[in-house]
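Provided below are the primary sequence and the corresponding predicted coordinates.
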Amino acid sequence: MKHKPSTTLTPHHPGALLPGPAGGVQSLVDRARLDGESQEDQEIQAAHRLYEHLIGLWAPGVIEAAHDLGLFTELANGPVSAAEMAKALRTDERATRILLDALHAYEIVTTVVPADGVARYAVADRMLPALLPDGVYSLTGKMSYDRVVAWRAWRELADAVRNGSHDTTGHDRTNQISETDYESLARGINFWAPPIVARLHDWLKGSGWDVQAPARILDVGCGSGLYSQLMLRRSENWRATGLDAPRIIKLAEAQAQRLGVADRFSGMVGDFWADEWGGGFDLIFFANIFHLQTAESAAKLAATAAGSLSERGLVCIADHIVDDLGPTGSQQDRFALLFAASMLATGGGDAYRLSQYDRWLDSAGLKRVGLIDAPMHRILIATRADNAL
């Protein structure tokens, strides 16, 4: 049973960080103290801003160290002092206090002082499920992926820029993530799914779809299967097939059972490059698949999807799409551009431009009929070109 800190507890640090705009983390730099308009002043301000970017690696370092030590599992039992945590983890007390204070600075934990006057730490509101391995929206898989893949990959980004991400023939290659690492990552990014599914479902209703009529979904490279499974929970007459590797399908089927949709979700073991997908699907869904591809393989995916649609079916692509045809500087665009650097570091892929997607769709006989903004993503919706006229 998860402990909830009493509302009578008093904050230990009156100057604690507060959520920034829209719930984000506040800047670590007090820019109000950086005034002046001279050339030197502006250079100093720029240096502070750049420094704040450079110390961005502190956050995963602190959070993932706490995960490795089992600190969050201990906090699940309720508020503890630094001494109590050090005893439970068999760690140095002073070092443990420093780590807990760093988590407090990042708003991962709160610090409280009960009646005995000994400061204790507790997990911040609603944060715990993301920090423990059993939650649907747990980020522990992402942390494991960072430990095995990402930390090393980012150190070698300069080499990736020098050499590109090419195969032995000199051509661009798809991302080379292993099945084991893919499983960890698939478990660690489930939180992306709910807002995407909600916005897609609203778009379908608004476009005239009868979302309660029977429909068949194909979830290509389904990972945990959460996207199509959440769609099933919204539309009780829909059925979904998840296509992925054997190890991943087991993960998806277990999650379908957990979410209560196992009777309408079926896993199809296969290689979506080499095996047939079947046909007559009303909705073909790609969640975070296109950014792993080369331009050539992305075009092939669009063509294969077109051949597997029902007469008036839709292709839905949720990905990090840069809208080069619309206003610039959106949060979606900024995230996508940084995500592309992550793809380069970890072995291939890209955040492709909307104009590129349009060309792939056009070559497959498809036409874009919708583009929806979602957190960290855009959702592109396409149908057969003759249906879109």
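That came through fine.

does Gly208 count as helix, strand or coil?
coil (DSSP: H, G, I helix; E, B strand; the rest coil).

count of residues packed around it?
Neighbour count for Gly208, taken as other Cβ atoms under 10 Å: 6. From N, CA and C alone the C-beta is placed, and that goes for glycine too.

How about the contacts made by it?
Contacts for Gly208 (Cβ atoms under 8 Å, 6 or more residues apart in numbering) come out as none.

Angles on the backbone of it, please.
The phi/psi pair for Gly208 (degrees, to the nearest 10) reads phi 100, psi 0.

So which residues make contact with stretch 324-338?
So stretch 324-338 is contacted by 320-323, 351, 353-355, 373-374, 376-378 (Cβ under 8 Å, 6+ apart).

quick one, strands of the protein?
10-11, 109-113, 120-123, 215-220, 238-244, 265-269, 281-287, 309-319, 366-374, 377-384 (DSSP state E).

And the average pLDDT for the first one is what?
In this case it means strand 10-11. When pLDDT is averaged along strand 10-11, the result is 36.

Make residue 1 into 356 and carry on from there
From this message on, residue numbering opens at 356, which makes the last subject strand 365-366.

so what's Phe620 up against?
Gly580, Ser583, Gln584, Leu587, Arg594, Ala595, Thr596, Gly597, Ala607, Glu608, Ala611.

thinking again about what came up before, for ChimeraX, write the select line for the buried members of the contacts of stretch 679-693.
Selection of buried members from the contacts of stretch 679-693 for ChimeraX, criterion 16 or more other Cβ atoms under 10 Å:
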select :675,676,677,678,706,708,709,729,731,732,733
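
and the contacts of stretch 679-693 as CSV, adding pLDDT and distance to Ala450?
Formatted as CSV, those follow (pLDDT from 0 to 100; distance: Cβ to Cβ, whole Å):
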residue, pLDDT, distance to Ala450
His675, 97, 37
Ile676, 97, 43
Val677, 95, 43
Asp678, 93, 46
Ala706, 94, 39
Arg708, 96, 47
Leu709, 96, 48
Ser710, 96, 51
Asp728, 96, 43
Ala729, 97, 40
Met731, 95, 34
His732, 97, 38
Arg733, 97, 43
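
Just give me the closest of the contacts of stretch 679-693 to Ala431.
Checking those against Ala431 by Cβ to Cβ gives Met731 as the nearest, at 27.2 Å.

Next up, phi/psi of that closest one, please.
Phi and psi for Met731, reported as degrees, to the nearest 10, are phi 60, psi 10.

Could you check how far Ser685 is from Gln381?
As for Ser685, its distance to Gln381 is 22 Å (criterion: Cβ to Cβ, to the nearest Å).

any idea how far Met514 is from Glu608?
Actually, residue 514 is Asp rather than Met. According to Cβ to Cβ, Asp514 and Glu608 sit 39 Å apart.

Comparing the two, which shows the higher neighbour count?
A count of neighbours by other Cβ under 10 Å puts Glu608 above the other of Asp514 and Glu608, at 16 against 9.

how many other residues sit next to the nearest residue to the more buried one once chain neighbours are set aside?
Leaving aside its chain neighbours, Glu608 sits nearest to Gly622 (4.9 Å; criterion: Cβ to Cβ, 6 or more residues apart in numbering). Neighbour count of Gly622, defined by other Cβ under 10 Å: 23.

Am I right that Arg404 is in contact with Val384?
Yes: contact criterion Cβ atoms under 8 Å: Arg404 and Val384 qualify, at 7.1 Å.

related to what we said a few turns ago, mind listing the residues bridging to the residue nearest to Glu608?
With DSSP bridges as the criterion, Gly622 is bridged to Gly597.

That one reaches Leu606, doesn't it?
No: judged on Cβ under 8 Å, Gly622 makes no contact with Leu606 at a distance of 9.2 Å.

Which neighbours do the two have in common?
Gly580.

okay, now Gln397: neighbour count?
If you count neighbours by other Cβ under 10 Å, Gln397 ends up with 12.

Skipping its backbone neighbours, what lies nearest it in space?
Gly391 (7.7 Å).

For Tyr712, which non-adjacent residue is spatially closest?
In space, Tyr712 comes closest to Leu735 once its chain neighbours are excluded; the distance is 5.8 Å by Cβ to Cβ, 6+ apart.

list the contacts for that neighbour?
By Cβ under 8 Å, 6+ apart, the neighbours of Leu735 are Cys671, Ile672, Ala673, Asp674, Ile676, Leu709, Tyr712, Arg723, Gly725, Leu726.

what's the farthest-apart pair in these?
Cys671 and Leu709 (14.8 Å).
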